[in-house]
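K.L.:
sequence and predicted structure below; questions after.
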Amino acid sequence: MLDAGKKWVSHLLLAGLLVVASASLQAQNLPEFTDLIENSSPAVVKITTTASTAGRSPMSLPQSQQIPEIFRELFEQDNMPERHGGAMGSGFVISEDGYILTNNHVIESADEITVRFIDQREYKAELVGSDSRSDLALLKIDADKLPLLKFAKADSLRVGQWVVAIGSPFGLDYSASAGIVSAIGRNIPSERNESNYVPFIQTDVAINPGNSGGPLFNLQGEVVGINSQIYTRGGGSIGLSFAIPSSVAEEVVDQLREKGRVDRGWLGVVIQGLSRDLASSYGLDKPVGALIADLEPEGPAAKSGMQAGDLILKFNGRDVKTQSDLPFLVGQTTPDSKVPVEILRKGKKQTLQVQVGVLQVQDAPKVAVKTEPDAAPDVDKLGLVVEPVTEQNRGRNSVTTGVLVRQVKPDSPAAHAGLMAGDVIDQLAFSDITTVEDYRKVADGIAKNAPQAIRFFRNGRPVFHTITLK
């Protein structure tokens, strides 16, 4: 009985030793951030601004129905009339002679910008240039021999990699937090509902108001991103934060230093992604590329011979894997340069030469709310009632030909394809639809269980879907 007790104690001690050993090994495998934070903090700055006009309230976005409420920019700003407002954020030194990088939304509308280092030195900063599309701004202070941070090599970041952020969340200067890269190449909404020119880095690092514009490091102390946005419902971090890649920052900085603005390439197309059914209608095994839903009549794409319905597979020798790849590839192309673009048209690949234009900044059009038209008889086999397009019934849709959808039968092929009353159809099964007779001829020829591409306009915007007759 005594021997059994001794054995039980010895097993318990052995198990305890194994747990301690396991915990020790795990601790040895965890990264050490101490030196990184100590060496990098002197080049990180806290940024405060003053403005004579009221700005956005803390953790708010501009009034836009296009932006999900849960996306919040990371800065605090007073919103009280008849007094000076202020914003707060972070930034970091990128050159010994006083160039500092931060977010555009931190300094937007500022009358005065102040930067403060970890040793409490303060400087007034001048705005060299800013770029709202990338949410980056370049500042300059009158100083030299400053500590600086270096950017990591492009494409060096991997999902699962450790990253560290330094900034001033909620005014708590030089706070550090760590986490991993959750995803790369994220496409998230922009303020102006315009094409996104930033393939964001997603991390689970604790990022909060005041971290905006601060650096995101790899374990070598190189800057891999600039903290910009968080995904939240309550105003604080829930482990979903987004940073601008260093590769984007370097390109923007070079242009801001040279001319105070950023010129981007422009193709003149409205694009969308592919569903599996839509990819199947193009003869593809899986969704790839960017589908041209519409073109600017005098834009570079139209002049090169591109057409609505073309699927862009490569741009300037680089694969277009998803819709979100194209704006970034086009945007970083030098305006007026001529580049090859590979497209898929009616099952055949071809390469066109496109002279890239210059992107002009303009306000996005507001989308009008359309009321559903009255029902009409004679529902066709796709579940639609259509009529000719006229000046009076086309609403905000710019097309002058095609057919107007007057009614959609519930649970019909058209309803499953997402069509609504008020849509204007101008393409079906890759055939142009200019009249009701064109539509009926093509629709009557559609076979069962064969997904067909359909293009329609809704509130002035073209959309490609697939429609399948069961």
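P.N.:
Everything's here; your move.
K.L.:
contacting residues for A293?
P.N.:
Taking C-beta atoms under 8 Å, 6 or more residues apart in numbering, we find A293 in contact with 269-272, 308, 455, 461-464. Every C-beta, even on glycine, is put in place using the N, C-alpha and C of the backbone.
K.L.:
okay if I get those residues as a markdown table plus pLDDT and secondary structure?
P.N.:
Written out in a markdown table, the entries for the contacts of A293 read as follows (pLDDT from 0 to 100; DSSP: H, G, I helix; E, B strand; the rest coil):
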| residue | pLDDT | secondary structure |
| --- | --- | --- |
| V269 | 93 | strand |
| V270 | 90 | strand |
| I271 | 90 | strand |
| Q272 | 89 | strand |
| A308 | 92 | coil |
| R455 | 89 | strand |
| R461 | 80 | strand |
| P462 | 84 | strand |
| V463 | 84 | strand |
| F464 | 86 | strand |
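K.L.:
just the closest of those residues to V408, please.
P.N.:
Within these, distances to V408 taken as C-beta to C-beta reach their minimum at V463, with 14.4 Å.
K.L.:
check contacts around the closest one.
P.N.:
Contact analysis of V463 by C-beta under 8 Å, 6+ apart lists 272, 293, 418, 455-457.
K.L.:
next, count neighbours for A308.
P.N.:
Counted with other C-beta atoms under 10 Å, the burial measure for A308 works out to 19 neighbours.
K.L.:
hmm, I typed the wrong one, I wanted G422.
P.N.:
Each residue near G422 was counted by other C-beta under 10 Å, and the total is 22.
K.L.:
can you give me the buried ones in the helix or strand harbouring A243?
P.N.:
With elements taken from DSSP states H and E, the one containing A243 is strand 241-245. For strand 241-245, a neighbour-count test (16 or more other C-beta atoms under 10 Å) marks 241-245 as buried.
K.L.:
just send those residues back as JSON lines, with pLDDT and distance to K46 too.
P.N.:
Rendered in JSON lines, the data for the buried residues of strand 241-245 read as follows (pLDDT from 0 to 100; distance: C-beta to C-beta, whole Å):
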{"residue": "S241", "pLDDT": "90", "distance to K46": "19"}
{"residue": "F242", "pLDDT": "93", "distance to K46": "21"}
{"residue": "A243", "pLDDT": "94", "distance to K46": "18"}
{"residue": "I244", "pLDDT": "94", "distance to K46": "19"}
{"residue": "P245", "pLDDT": "94", "distance to K46": "23"}
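K.L.:
backbone phi and psi for S134, please?
P.N.:
Backbone dihedrals for S134, given as degrees, to the nearest 10, come out at phi -100, psi -10.
K.L.:
was I right about it contacting V262?
P.N.:
Yes: S134 sits in contact with V262 when judged by C-beta atoms under 8 Å, with a separation of 7.1 Å.
K.L.:
anything in contact with each of those two?
P.N.:
The contact sets of S134 and V262 overlap at V252 (C-beta under 8 Å, 6+ apart).
K.L.:
follow the chain on from the worst-scoring helix or strand of the chain on mean pLDDT and name the next helix or strand.
P.N.:
Using mean pLDDT, DSSP states H and E, strand 76-77 stands out as the lowest-scoring helix or strand of the chain, at a mean of 42. Per DSSP H and E, the first helix or strand lying C-terminal to strand 76-77 is strand 87-93.
K.L.:
pLDDT of the next helix or strand after that next one, averaged?
P.N.:
As assigned by DSSP H and E, the chain's next helix or strand after strand 87-93 is strand 99-102. pLDDT averaged over strand 99-102 equals 98, rounded to a whole number.
K.L.:
and for stretch 382-400?
P.N.:
On average, the pLDDT along stretch 382-400 is 79.
K.L.:
endpoints of that stretch, how far apart?
P.N.:
Across stretch 382-400, the straight-line distance between its terminal residues is 23 Å, by C-alpha to C-alpha, to the nearest Å.
K.L.:
next: stretch 155-163.
P.N.:
Stretch 155-163 has an end-to-end distance of 15 Å (criterion: C-alpha to C-alpha).
K.L.:
what does it contact?
P.N.:
The contact list for stretch 155-163 (C-beta under 8 Å, 6+ apart) reads 31, 178-184, 201, 203, 205, 216-219, 224-225, 245, 247.
K.L.:
got the domain boundaries for this structure?
P.N.:
Here the domain assignment for the chain is 31-262, 265-358, 384-467, based on automatic domain parsing.
K.L.:
would CSV of these with distance to D378 be doable?
P.N.:
As requested, the domains of the chain are arranged in CSV below (distance: least, C-beta to C-beta, whole Å):
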stretch, distance to D378
domain 31-262, 36
domain 265-358, 27
domain 384-467, 6
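K.L.:
what ranges do the strands span in the stretch 51-200 of the chain?
P.N.:
For the stretch 51-200 of the chain, the strands defined by DSSP state E, counting those that start in this stretch occupy 71-73, 76-77, 87-93, 99-102, 112-116, 122-131, 136-140, 162-167, 175-186, 200-203.
K.L.:
which among those is found nearest to Q229?
P.N.:
Using C-beta to C-beta as the measure, strand 71-73 is the one of these that comes nearest Q229, at 5.9 Å.
K.L.:
state the mean pLDDT of the closest one.
P.N.:
In the prediction, strand 71-73 has an average pLDDT of 46.
K.L.:
quick one on the thing from earlier: between S134 and V262, which one's more packed in?
P.N.:
Between S134 and V262, S134 has the larger neighbour count (other C-beta under 10 Å), namely 25 against 22.
K.L.:
ok, now which ones touch that one?
P.N.:
The neighbours of S134, taking C-beta under 8 Å, 6+ apart as the test, are 104, 197-198, 244, 248-249, 252, 262.
K.L.:
circling back: between the buried residues of strand 241-245, which is nearest E126?
P.N.:
Distance ranking of the buried residues of strand 241-245 against E126, using C-beta to C-beta, places I244 first at 21.9 Å.
K.L.:
who touches the closest one in this structure?
P.N.:
Under the criterion of C-beta under 8 Å, 6+ apart, the contact partners of I244 comprise 134-136, 198, 200-201, 225-226, 228.
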